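# sequence and predicted model, in that order:
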Amino acid sequence: MPPASSDNNVMRDLFVKDPVLALTYGPSGIGKTTDTGLSFPNALFIAAPGALQSIRNVAGYSPLVENATTIPDVTKLITTIGSYKAKGSDTKIDSVVVDDFSYLAEQTFAQFEKKFNGFRLWGELRDAVIDFRNAARFAKVHIVVNCWEQPPKDKPGGARVKGGPMLSGNLPEQVPAMFDMVLRCGLDPMRKPWPGIYQCVADANYVMKDRLNVATAAHPAPMNMAELIRAAGYDVSRHPDLAWQEDVVTKVSAQMVQDGAAKDKDTANAVYADLVKNAVNPLHARWTLRDAMDRTVISRALSARNSVFLA
């Protein structure tokens, strides 16, 4: 028998990790934008004006934002960031969030419709998405794309298309194949105080996948993209003014794992009170406890998964 490893990431850490490409989809207002703001405070957000108010009001900071009207516009921005990274330029941007891709695809389709028609139109749209994927893959930053959700549907010929991101033509089938993670957003009222979840399970009706092998183990996983990625061994940076968060999250999560779930509430309340007493912005204190609790949930799920072969 091989010796037991004290670190589940030993083999994984032998390989150079490419940045993660993730897609989330769900109805408006479910928390997609807020999670990306809490998860990626050093991201470049590509969003319409006013679309990021929830980040300012929940996370307590103003994200870096650019507006774009078509998918090729976004591809150019990502390519530029990738060029800066390749040259070793000093940029603090470690991720790009596209919020939301469904609207962007609609705008792109409307622009292309003025120039192309028939099969040429769909071919140009597909090529634009492929160019986006290629730029994203080589940009050396995490890429997260948010989409609206559409239900399963039948094609005119009778073929069944799974529910997933709301996109035109064959893109609902083609786009998810380009991403490492495809997560369906949902709500679990029993999860307090943050009911948002990411669903990732084999399903006949909706497309979901997880090449990182974390969200599937934690299904339904907390709606916390950063903690899911960190659990797979990736670095996700903290807001430059809140670097202290990582130490607190690490210590609190370790304590929760050690003490057991029955004491999670008491531990969280005690830490929150202590942070606020020490003049931490309540928004930042809640953000910190969110990460600590979600990290604990994910850690317990991975531990349970690794402890047995067949449950």
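Here it is on my side, so go on. Numbering: from 1, shown residues only.
# which parts of this structure are helices?
Under the criterion DSSP state H, helices of the chain are mapped to 32-39, 53-59, 71-86, 101-113, 118-137, 171-174, 225-231, 245-259, 264-277, 282-307.
# comparing these, which yields the minimum mean pLDDT?
Mean pLDDT per stretch puts helix 171-174 lowest among the helices of the chain, at a mean of 85.
# pull the residues that contact that one.
Helix 171-174 is touched from outside by 105, 125, 126, 129, 150, 161, 162, 164, 165, 166, 207, with contacts defined as CB atoms under 8 Å, 6 or more residues apart in numbering. From N, CA and C alone the C-beta is placed, and that goes for glycine too.
# mean neighbour count and distance to residue 187 added to the helices of the chain, as CSV?
Formatted as CSV, these follow (neighbours: other CB atoms under 10 Å; distance: least, CB to CB, whole Å):
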stretch, mean neighbour count, distance to residue 187
helix 32-39, 25, 12
helix 53-59, 17, 16
helix 71-86, 18, 29
helix 101-113, 19, 20
helix 118-137, 16, 28
helix 171-174, 18, 22
helix 225-231, 25, 16
helix 245-259, 16, 23
helix 264-277, 14, 20
helix 282-307, 19, 15
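# including distance to residue 156, could those go into CSV?
CSV is the format used below for the helices of the chain (distance: least, CB to CB, whole Å):
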stretch, distance to residue 156
helix 32-39, 31
helix 53-59, 39
helix 71-86, 26
helix 101-113, 19
helix 118-137, 14
helix 171-174, 15
helix 225-231, 36
helix 245-259, 51
helix 264-277, 51
helix 282-307, 42
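# what are the structural domain limits within this protein?
20-231, 240-307 (automatic domain parsing).
# okay, how far is it across the last one, tip to tip?
From the first residue to the last, domain 240-307 extends over 37 Å; the measure is CA to CA, to the nearest Å.
# next one: the first one
The stretch domain 20-231 measures 13 Å between its terminal residues, going by CA to CA.
# that domain: how far from the chain's middle?
In terms of CA atoms, centre = their mean, to the nearest Å, the gap separating the centre of domain 20-231 from the centre of its chain is 8 Å.
# same deal with the last one?
Offset of domain 240-307 from its chain centre (CA atoms, centre = their mean): 20 Å.
# who's in contact with the closest residue to residue 299 other than its chain neighbours?
On the basis of CB to CB, 6 or more residues apart in numbering, the spatially nearest residue to residue 299 that is not a chain neighbour turns out to be residue 257, at 5.8 Å. Shown in contact with residue 257 (CB under 8 Å, 6+ apart): 296, 299, 300.
# I'd like the distance between the residue most central in space within the chain and residue 279.
Closest to where the C-alpha atoms of the chain average out (CA atoms, centre = their mean) is residue 225, at 3.9 Å. Residue 225 sits at a distance of 29 Å from residue 279 (criterion: CB to CB, to the nearest Å).
# same thing with residue 196?
Distance of residue 196 to residue 279, given as CB to CB: 28 Å.
# and what of residue 203?
As judged by CB to CB, residue 203 and residue 279 stand 46 Å apart.
# same deal with residue 59?
For residue 59, the distance to residue 279 under the criterion CB to CB works out to 18 Å.
# same question for residue 228.
The gap separating residue 228 from residue 279 is 31 Å, by CB to CB.
# of residue 196 and residue 279, who's got more company?
A count of neighbours by other CB atoms under 10 Å puts residue 196 above the other of residue 196 and residue 279, at 20 against 6.
# show me the contacts for residue 309.
The contact partners of residue 309, by CB under 8 Å, 6+ apart, come to none.
# next one: phi and psi at it?
Backbone geometry at residue 309, expressed as degrees, to the nearest 10, gives phi -90, psi -50.
# please apply the same query to residue 195.
With angles defined as degrees, to the nearest 10, residue 195 shows backbone torsions of phi -80, psi -10.
# is it correct that it is in contact with residue 188?
Yes: counting by CB atoms under 8 Å, residue 188 is a contact partner of residue 195 at 5.5 Å.
# ok, residue 188 - contacts?
Applying CB under 8 Å, 6+ apart, one finds that residue 188 lies in contact with 195, 197, 220.
# can you check residue 165 too?
Shown in contact with residue 165 (CB under 8 Å, 6+ apart): 23, 25, 101, 102, 147, 148, 149, 150, 171, 172, 175, 176.
# I appreciate the help and will end here.
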